[in-house]
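Engineer: Okay, here's the prediction I keep looking at, along with the sequence it came from:
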Amino acid sequence: MIKLGTVILDNANQTRIAVRATIGKIYVTNGQVWGSWGNQQMCPTDTYASGFSLLVSTSYFVGFFYDDSALNGIALQCTPLRTATSPINDYTTVTSATGSFGSWMPDRWCPSGQLVAFQLRVQANQGIFCDDPAANNIMVEGDGMKWGEWGSWSETCMGKGICGIQTRVEPSGWSWDYTGLNDVQFRCCS
């Protein structure tokens, strides 16, 4: 099945349209269910995700509770096809829905070229009176927050690599226990 891409956001915060065919999507089964799916965002034509950055929030005070939303966003860094020795001269950043809190961490680059699979670290539902940070890290080459359990690896992208992203995020203000980013799916391109 071939699907077409959607709107992207580049480094200069200018919006443009990237229409490109995808050959599938990869996902994991341990994501949480709060929030809604944001728009699918695609790397520009002839570029693929070679790196990423995470929007991470540590705890903040809400009433007499501390709320840890942890992972609030994932940004893909898109470059032309690269090898392990290719320099990174220029890239475009794409991101789907993001949460309201945190700071962007430094870019992490795939040492072998393109991102092709991932693992998501998610804390299970903690119950009504406990804090639910939901997703708190992604591993393509990462470290980060220490809560939760790593799920299984996604399937490996067919084709040349990851070229798009779609995230499930709970908007802030829905409850006293804001979860931030809950799940992610990536699109694959040839």
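Structural biologist: That came through fine.

Engineer: hang on, isn't Ser96 packed against Gly35?
Structural biologist: No. When contacts are counted by Cβ atoms under 8 Å, Ser96 is not listed as touching Gly35 (11.6 Å). In this view, the C-beta of every residue, glycine as well, is placed from N, C-alpha and C.

Engineer: Which one's more surrounded, these two?
Structural biologist: Neighbours of Ser96 and Gly35, each counted by other Cβ atoms under 10 Å, are more numerous for Ser96; the result is 25 against 21.

Engineer: Relative to Thr45, how far out is that one?
Structural biologist: Distance, Ser96 to Thr45, by Cβ to Cβ, to the nearest Å: 18 Å.

Engineer: same for the helix or strand hosting Ile165, what does it pack against?
Structural biologist: According to DSSP states H and E, Ile165 maps onto strand 161-169. On a contact count with 3 or more Cβ pairs under 8 Å, 6 or more residues apart in numbering; DSSP states H and E, strand 161-169 meets strand 36-37, strand 41-42, strand 48-57, strand 70-79, strand 92-95, strand 181-189.

Engineer: residue contacts, Thr29?
Structural biologist: Taking Cβ atoms under 8 Å, 6 or more residues apart in numbering, we find Thr29 in contact with Gly151, Ser152.

Engineer: Kindly recompute the last result at 10 Å.
Structural biologist: The contact partners of Thr29, by Cβ atoms under 10 Å, 6 or more residues apart in numbering, come to Leu120, Gly151, Ser152, Ser154, Asp183.

Engineer: For it, report the pLDDT, please.
Structural biologist: What the model reports as pLDDT for Thr29 is 84.

Engineer: on that earlier part again, out of the helices and strands packed on strand 161-169, flag the one nearest Ser112.
Structural biologist: strand 48-57 (9.6 Å; Cβ to Cβ).

Engineer: That closest one: partners in the sheet, and parallel or antiparallel?
Structural biologist: strand 70-79 (antiparallel), strand 103-104 (antiparallel), strand 108-109 (antiparallel) (DSSP bridges).

Engineer: out of the ones you listed, deepest packed?
Structural biologist: Mean neighbours per residue, mean count of other Cβ atoms under 10 Å, is largest over the strands paired with strand 48-57 for strand 70-79, with a mean of 26.

Engineer: Kindly calculate the angle that that one makes with strand 181-189.
Structural biologist: Strand 70-79 runs at 20 degrees relative to strand 181-189, counting by axes from the mean of the first three to the mean of the last three Cα atoms, to 10 degrees.

Engineer: related to what we said a few turns ago, output the helices and strands packed on strand 161-169 in JSON lines, with mean pLDDT appended to each entry.
Structural biologist: Output for the helices and strands packed on strand 161-169, formatted as JSON lines (pLDDT from 0 to 100):
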{"stretch": "strand 36-37", "mean pLDDT": "89"}
{"stretch": "strand 41-42", "mean pLDDT": "94"}
{"stretch": "strand 48-57", "mean pLDDT": "90"}
{"stretch": "strand 70-79", "mean pLDDT": "91"}
{"stretch": "strand 92-95", "mean pLDDT": "96"}
{"stretch": "strand 181-189", "mean pLDDT": "91"}
